[in-house]
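Colleague: Here is a sequence with its predicted model. Questions after.
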Amino acid sequence: MLTLLTNLLKTGAPSVDLSLSKQSAAYGEIVKGHFFIQGGRKSCKIKRLECTLVKEYENGHTETVEEVTTILMSRVINSEEKIELPFSYLITDKLEPTAADFTYRLHTNLVFAENMSRKDHDELVIVDNKE
């Protein structure tokens, strides 16, 4: 029973954090950073790491803009182990500049055993440099 509750609450599971070199970028710029994966209290098999760019509106509606990356891993992360993976994303002119009624977010999802997951969200401001 305790194992089931622990799994449901995800305590002790690995965590993920996307750390960006900057929070805003203009068209043609590359946003760089790193995914930091921290092992939990016990070893766990990681299946994949996904990162998606989404547009979040003031009214709460979320729209997927693009799948940024998927890294298939199929590896075990040991207790307290740390993994660092590079991240880069080119800001193209197909994206609208961030406005008052919506923001962009990078949603990171770490998927491990039994399709459980950990999530991280990072805001990204896109500025218009065409003017």
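Modeller: Done, it's in.
Colleague: show me what contacts residue 20?
Modeller: Contacts for residue 20 (CB atoms under 8 Å, 6 or more residues apart in numbering) come out as 31-33, 87, 106, 122, 124. All C-beta spots, glycine's among them, are computed from the backbone N, C-alpha and C.
Colleague: Just the buried residues of those residues.
Modeller: Neighbour counting by 16 or more other CB atoms under 10 Å classes 31, 33, 87, 106, 122, 124 among the contacts of residue 20 as buried.
Colleague: how close does the first one sit to residue 73?
Modeller: This points to residue 31. Distance from residue 31 to residue 73, counting by CB to CB, to the nearest Å: 22 Å.
Colleague: what do you get for residue 23?
Modeller: Counting by CB to CB, the gap from residue 23 to residue 73 is 27 Å.
Colleague: Then residue 49?
Modeller: 6 Å.
Colleague: which non-adjacent residue is nearest residue 92?
Modeller: residue 27 (6.8 Å; CB to CB, 6 or more residues apart in numbering).
Colleague: wait, the one you found sits on residue 90?
Modeller: No. Counting by CB atoms under 8 Å, residue 27 stays clear of residue 90, with 9.4 Å between them.
Colleague: of the two, who's got more company?
Modeller: For residue 27 versus residue 90, neighbours defined as other CB atoms under 10 Å are more numerous around residue 27 (16 against 11).
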